[in-house]
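S.K.: Quick one, fold the following:
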Amino acid sequence: MTEQNQQPDEDFIEDPLSDPDGDIARLTAERDEFRDKWMRALADAENSRKRAEKDRRDAEQYGGSRLARDLLPVYDALIRALDAASDEQRAASAALFEGVELTLRELSNVFAKHGITVITPDHGEKFDPSFHEAMFEAAVPGTRAGEIIQVMDRGFRLHDRLLRPAKVGVSSTPAGQ
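M.R.: Below is the predicted model:
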């Protein structure tokens, strides 16, 4: 064959928009698939960023909760020491009791600085299972069922989370008595 025979037929010009093999449809589908994957990856990255930010805030706010829980018995012991002392003992050891009171006040200041609040229910207050733990129930005249009649231990909260519920006794007296 000669070179003249190998030249394309001048009468036949291929339409550049025709897609005899379906390449345009295949490339369009592939493009859409990659766009979908990219959008999903972008959403995953944004969700991961938000989750990491929330975890960071929680760690900052609640990271010391184990230490706080370990300090609660110290607070309880200081309160019990002050409550157990008689007036004669306080007079005889005034400096010692002043030191215990100052230590308790400093511990309370540290608690407040770090968002720890003391839950001290009052007698006659309504029992709230979100903040109180009922240690016993007793029928006490002059009270209504569900009222706090005795406080055994204070409760504690770290910001909005409960560290330890207040331990209380609850009245079981029916309303008509």
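S.K.: When you work out contacts or count neighbours from here on, use the C-alpha atoms and nothing else.
M.R.: Will do.
S.K.: what about G142, which SS state?
M.R.: coil (DSSP: H, G, I helix; E, B strand; the rest coil).
S.K.: okay, now it: neighbour count?
M.R.: When neighbours are counted by other Cα atoms under 10 Å, G142 registers 11.
S.K.: ok, now Q61?
M.R.: Q61: 15 neighbours (other Cα under 10 Å).
S.K.: Where does it fall, secondary structure wise?
M.R.: helix 23-62 (DSSP states H and E).
S.K.: Now that helix: buried residues?
M.R.: Y62 (16 or more other Cα atoms under 10 Å).
S.K.: and after it, which helix or strand comes next?
M.R.: The element immediately downstream of helix 23-62 (helix or strand, assigned by DSSP H and E) is helix 65-84.
S.K.: Kindly calculate the angle that that next one makes with helix 23-62.
M.R.: 20 degrees (axes from the mean of the first three to the mean of the last three Cα atoms, to 10 degrees).
S.K.: Mind checking the pLDDT average for the helix or strand just after helix 65-84?
M.R.: Counting by DSSP H and E, the next helix or strand C-terminal to helix 65-84 is helix 87-92. The pLDDT scores in helix 87-92 average 92.
S.K.: which residues touch helix 87-92?
M.R.: F97 (Cα atoms under 8 Å, 6 or more residues apart in numbering).
S.K.: beta partners of A138?
M.R.: S171 (DSSP bridges).
S.K.: Where does pLDDT dip in the protein?
M.R.: Applying pLDDT under 70 to the chain picks out residues 1-20, 174-177.
S.K.: How is it partitioned into domains?
M.R.: According to automatic domain parsing, the chain comprises the domains 18-62, 65-114, 116-177.
S.K.: Need the winner for burial among these.
M.R.: domain 116-177 (a mean of 18; mean count of other Cα atoms under 10 Å).
S.K.: Distance from it to the middle of the chain?
M.R.: Offset of domain 116-177 from its chain centre (Cα atoms, centre = their mean, to the nearest Å): 23 Å.
S.K.: Export stretch 101-113 to CSV, keeping only CA atoms.
M.R.: Only the C-alpha atoms of stretch 101-113 are listed here, as CSV (Å, rounded to 0.1, in the frame of the first residue of the first chain):
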residue,chain,number,x,y,z
GLU,A,101,-11.0,24.9,110.1
LEU,A,102,-8.4,26.7,107.9
THR,A,103,-7.5,23.5,106.2
LEU,A,104,-11.2,22.8,105.5
ARG,A,105,-11.7,26.3,104.2
GLU,A,106,-8.6,26.0,101.9
LEU,A,107,-9.9,22.6,100.6
SER,A,108,-13.3,24.2,99.9
ASN,A,109,-11.6,27.1,98.0
VAL,A,110,-9.7,24.6,95.9
PHE,A,111,-12.9,22.7,95.2
ALA,A,112,-14.7,25.9,94.2
LYS,A,113,-11.7,26.9,92.0
